[in-house]
Every structure is written in C-alpha cells, then in structure tokens.
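Visitor: Generate coordinates for the sequence data below:
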Amino acid sequence: MPINYKQYHPAWKQISRSIIRDRAKNHCELCNAENYKPHWKTGSRVILTVHHIYCDKSNNIPLNLIALCQRCHLRLDLPIRIKHRKQKSEAQ
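Guide: Here you go, the predicted model:
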C-alpha cells in the first residue's frame, strides 16, 4: 500500500532514514533481517520501513518508532487491518 505523506510529519523521510540507518543499522529491529538483502525466512528482498508503535503518526519520538521488514510490519499491523476490514463490512 503506498504511503500518503500528507499524514506524516514534513520531515518524515529524514526521521525514518535516521531510525533505519543510525539506530537499527539497516536491520529489522524484530527479526534482524538486513535491508536490501534476501529475507532469512522468505527469501524476498527486504525493504525496511518505520512503524509507529502506538499508531499515532504525530508522535515521532524515537521510542514510538521501530524499523521493520515487510514481514514484521505486516504482522504488527494485522490486528488493525482486521479491525478496519470488519468495520468496513459492518458499514455496508
């Protein structure tokens, strides 16, 4: 799903790069998969993203941010995605 940068801090690209490069050292902070390399479990190329732990996109303090591979990011977002899907089906 493409990112809508209008929902994020104007310096989001710099903030996320700092988390990925400086703190996480280009590794997923949950499973240690390395950025741009084949994932140790899936074999697919890893592209790290930064996740807001408390789901608040306005809270960009480092304690609320974590660098994740696609697999870990999807796993953490799964309960939210299920909730939104359920709400959409109930609204129809």
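Visitor: which element is A67 on?
Guide: Secondary-structure element containing A67, defined by DSSP states H and E: strand 65-68.
Visitor: The worst-scoring helix or strand of the chain on mean pLDDT - contacts with which helices or strands?
Guide: Of all regular secondary-structure elements in the chain, judged by mean pLDDT, DSSP states H and E, the least confident is helix 70-91 with a mean of 87. With contacts taken as 3 or more Cβ pairs under 8 Å, 6 or more residues apart in numbering; DSSP states H and E, helix 70-91 sits against strand 49-52. C-betas here are computed from N, CA, C, even on glycine.
Visitor: quick one: buried residues of the least confident helix or strand of the chain?
Guide: The neighbour-count check on helix 70-91 (16 or more other Cβ atoms under 10 Å) flags 70-73 as buried.
Visitor: Can I get those residues in a markdown table including distance to H84?
Guide: Shown next, in a markdown table, are these (distance: Cβ to Cβ, whole Å):
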| residue | distance to H84 |
| --- | --- |
| Q70 | 19 |
| R71 | 20 |
| C72 | 19 |
| H73 | 16 |
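Visitor: May I have the phi/psi pair for N60?
Guide: Main-chain dihedrals, N60, degrees, to the nearest 10: phi -110, psi 20.
Visitor: Flag the shaky bits of this structure, pLDDT-wise.
Guide: Applying pLDDT under 70 to the chain picks out residues 1-2.
Visitor: Report the central residue of it.
Guide: Against the mean C-alpha coordinate of the chain, by Cα atoms, centre = their mean, the closest residue is H51 at 3.3 Å.
Visitor: Quick check: it touching L76?
Guide: Yes: the pair H51 and L76 qualifies as a contact (Cβ atoms under 8 Å) at a distance of 6.1 Å.
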